[in-house]
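1. Mind looking at a prediction? Sequence and model below.
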Amino acid sequence: MTEPEPNKSGTMPDDVAGELRELGKNLAGILRSAWESDERKRLQEEIQAGLNDLGETFNEAAAEFQSSQTGQRLKEDVEEIRGKIRSGEMEVKVREEILSALRMVNNELEKTRKKPPESGDSSRGG
């Protein structure tokens with residue numbers, strides 16, 4: 001009986017590990033070729049140019065908004081809110097609003113709890 005001869009990749013026909021190594025080399029080569037391809041480089045350049053244009057457009061829009069009357073008003077409002085937060089005024093206002101809402105809910109629940117149950121089923125329109 002003759003011994004099997006190595007295949008084109010230099011591995012023996014029953015050498016699974018060798019075939020897997022060869023598969024890895026082939027896949028790496030394919031990926032390297034794809035990565036180095038002109039098409040991929042063109043696509044990357046297009047994406048980079050598009051992102052740069054998008055960034056410039058956002059910057060222009062932000063600058064326009066910032067210098068607009070609305071932008072100035074918004075900036076003033078934000079500064080006013082910051083001042084209220086720093087002074088504690090906002091905390092007091094929020095606390096008052098929360099207490100007011102809780103009192104209203106509790107009052108309504110209290111009314112419901114104290115309300116006597118209706119006798120019979122007159123709510124069904126019988």
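-> Arrived safely, thanks for sending. Numbering: from 1, shown residues only.
2. Does anything pack onto the biggest helix by length in the chain? Which helices or strands?
-> Ordering each helix of the chain by length in residues (DSSP state H) puts helix 38-67 first. Applying 3 or more Cβ pairs under 8 Å, 6 or more residues apart in numbering; DSSP states H and E, one finds that helix 38-67 makes contact with helix 69-87. The way it works is simple: take the backbone N, C-alpha and C, and place the C-beta from them, glycine included.
3. what bits of this protein have low per-residue confidence?
-> Low-confidence segments of the chain, defined by pLDDT under 70: 1-13, 119-126.
4. Pull the distance from the longest helix of the chain to the chain's centre.
-> 20 Å (Cα atoms, centre = their mean, to the nearest Å).
5. how many degrees apart are that helix and helix 69-87 in direction?
-> Using axes from the mean of the first three to the mean of the last three Cα atoms, to 10 degrees, the inter-axis angle of helix 38-67 relative to helix 69-87 is 80 degrees.
6. Buried residues of helix 38-67, list them for me.
-> Buried residues in helix 38-67, counted by 16 or more other Cβ atoms under 10 Å: none are found.
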